[in-house]
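Colleague: Fold the stuff below for me.
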Amino acid sequence: MKSVEIFTDGACSGNPGPGGWAAILKYGEHIKEICGGYRLTTNNRMEIMAVFRALSALKEPCHIMLYSDSKYVIDALSLGWAKKWRAAGWMRTKHEPALNPDLWELVLDEAERHKIEYVWVKGHAGHPENERCDTLAVESYQNGALEEDTGYKA
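Modeller: Below you'll find the predicted structure:
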């Protein structure tokens, strides 16, 4: 199984507002940067989208070290929250729905193909790949070529 490092970040101008996501995939000496933006979305949706897009870019099952500055993403995946929400019909509690079930479903489906270790990194603290992802995510929503986030609900 190939070993891949993935670094992700999401950004939003306003929350909700225009937003972007970015990921860096590293395999040996190979580095791939991917990113995109949306007209109206949230920061958390962009954090999740970055993970989904990175995982779906992999052509075969891999051992992954996934780095994110989003505690929401890292905890939901490493502590099994997202799997519990899915098993409960996308409910966080008996009376509270889980947010972003459309994206969590995609991430969980992709994650099943891989062996993933999750690492939280402090954002805006000089981590080179996290800083680069932040720059790419911000540039993605500032460049004007934005998609509709069809899963975002106001």
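Colleague: From residue 69, how far out is residue 98?
Modeller: Residue 98 is 21 Å from residue 69, where distance means CB to CB, to the nearest Å. Quick note: C-beta positions are derived from backbone N, CA and C, even for glycine.
Colleague: Pick out whichever of those two has more residues nearby.
Modeller: Per other CB atoms under 10 Å, whichever of residue 98 and residue 69 has more neighbours is residue 69, with 22 against 18.
Colleague: Next, give phi and psi for that one.
Modeller: Main-chain dihedrals, residue 69, degrees, to the nearest 10: phi -90, psi 10.
Colleague: so who does it touch?
Modeller: Residues in contact with residue 69 (CB atoms under 8 Å, 6 or more residues apart in numbering) are 9, 120-124, 127, 130.
Colleague: Closest one of these to residue 76?
Modeller: residue 120 (11.7 Å; CB to CB).
Colleague: In terms of helix, strand or coil, where does the closest residue to that closest one other than its chain neighbours fall?
Modeller: Using CB to CB, 6 or more residues apart in numbering and skipping the chain neighbours, the partner closest in space to residue 120 is residue 74 (4.4 Å). For residue 74, the secondary-structure state derived from DSSP: H, G, I helix; E, B strand; the rest coil is helix.
Colleague: I appreciate the help and will end here.
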